[in-house]
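Trainee: Build me a model from this:
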Amino acid sequence: MTWGALLQPDLVLGGPILQLTLDRLQHYGLKGLVLDVDDTLVPFQSTDPSDALQAWVASLRPHLKLWLVSNNLSATRIGRIGEALDVPYSLGATKPSRRKLRQAVQAMGLPVEQVAMVGDRLFTDVLAGNRLGMFTILVEPMVDSGEALRRSPMRSFEVWLSQRLGVSLNLESGSFSGLGSPD
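Mentor: Now for the predicted structure:
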């Protein structure tokens, strides 16, 4: 498999995770979601999920199995978010390693093809999910405006490099911003 194929998301949402609907997930036959935490569910410095995120999780929980998998090492922070959302979690995942994703999928009891890895990063979330054979969904990061300026160079570099490797980030409508471009 080429680097371009390993970095190619199956779905580029073009918005934050809150725009991911049950209808769209069911369209792809998905029955479980492994969710990245930092900048996918909450801004990196946040310790509390928003009311909108809690409502989104509550609306999906009756239909899908959910699991949080984060590279973050803070048991206090990730545990607090997982408990607030009432979703099991793993931390210190070292994505693009597949180990914690595999553990989450096995705990869900679902075939890997029916579980999506959802995240905001190509070189961690999408790469890890594709390496495991999962459906992969790239979402726009959920960041504070001041934080976006500081963190955008790395994300922009990932988008630039992945496109040079043949990755298409085209959407059904709109475009994936990657928070700017180094071009």
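Trainee: for this structure, what spans make up the strands?
Mentor: Secondary structure of the chain (DSSP state E): strands located at 11-12, 32-35, 65-69, 89-90, 115-119, 135-138.
Trainee: The ones you listed: which one's closest to Ala104?
Mentor: strand 65-69 (4.0 Å; CB to CB). No exception for glycine: its C-beta is placed from N, CA and C like everyone else's.
Trainee: Include mean pLDDT when you put the strands of the chain into JSON lines, please.
Mentor: Output for the strands of the chain, formatted as JSON lines (pLDDT from 0 to 100):
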{"stretch": "strand 11-12", "mean pLDDT": "96"}
{"stretch": "strand 32-35", "mean pLDDT": "98"}
{"stretch": "strand 65-69", "mean pLDDT": "98"}
{"stretch": "strand 89-90", "mean pLDDT": "96"}
{"stretch": "strand 115-119", "mean pLDDT": "98"}
{"stretch": "strand 135-138", "mean pLDDT": "97"}
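Trainee: would TSV of the ones you listed with distance to Ala5 and mean neighbour count be doable?
Mentor: Converted to TSV, those look like this (distance: least, CB to CB, whole Å; neighbours: other CB atoms under 10 Å):
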stretch	distance to Ala5	mean neighbour count
strand 11-12	15	21
strand 32-35	20	26
strand 65-69	22	23
strand 89-90	26	20
strand 115-119	15	28
strand 135-138	11	26
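Trainee: Switch those over to TSV; also include distance to Ser97.
Mentor: Shown next, in TSV, are the strands of the chain (distance: least, CB to CB, whole Å):
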stretch	distance to Ser97
strand 11-12	22
strand 32-35	13
strand 65-69	10
strand 89-90	11
strand 115-119	12
strand 135-138	15
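Trainee: Figure out which of the ones you listed is closest to Gly4.
Mentor: When those are compared by CB to CB, strand 135-138 sits nearest Gly4, at 13.4 Å.
Trainee: and that closest one, what other elements does it pack with?
Mentor: Packed against strand 135-138 by the contact rule (3 or more CB pairs under 8 Å, 6 or more residues apart in numbering; DSSP states H and E) you find strand 11-12, strand 115-119, helix 127-132.
Trainee: ok, now with 10 Å
Mentor: Under the contact criterion of 3 or more CB pairs under 10 Å, 6 or more residues apart in numbering; DSSP states H and E, strand 135-138 touches helix 3-7, strand 11-12, helix 22-27, strand 32-35, strand 115-119, helix 127-132.
Trainee: quick one, which of those is nearest to Gln163?
Mentor: helix 3-7 (9.1 Å).
Trainee: what's the average pLDDT for the closest one?
Mentor: Across helix 3-7, pLDDT averages out at 91.
Trainee: Give me the buried stretch members for it, please.
Mentor: Neighbour counts using 16 or more other CB atoms under 10 Å place Leu6, Leu7 of helix 3-7 among the buried residues.
Trainee: what's it in contact with?
Mentor: If you take CB atoms under 10 Å, 6 or more residues apart in numbering as the criterion, helix 3-7 is touched by 96, 122-123, 126-131, 136, 138, 158-159, 161-169.
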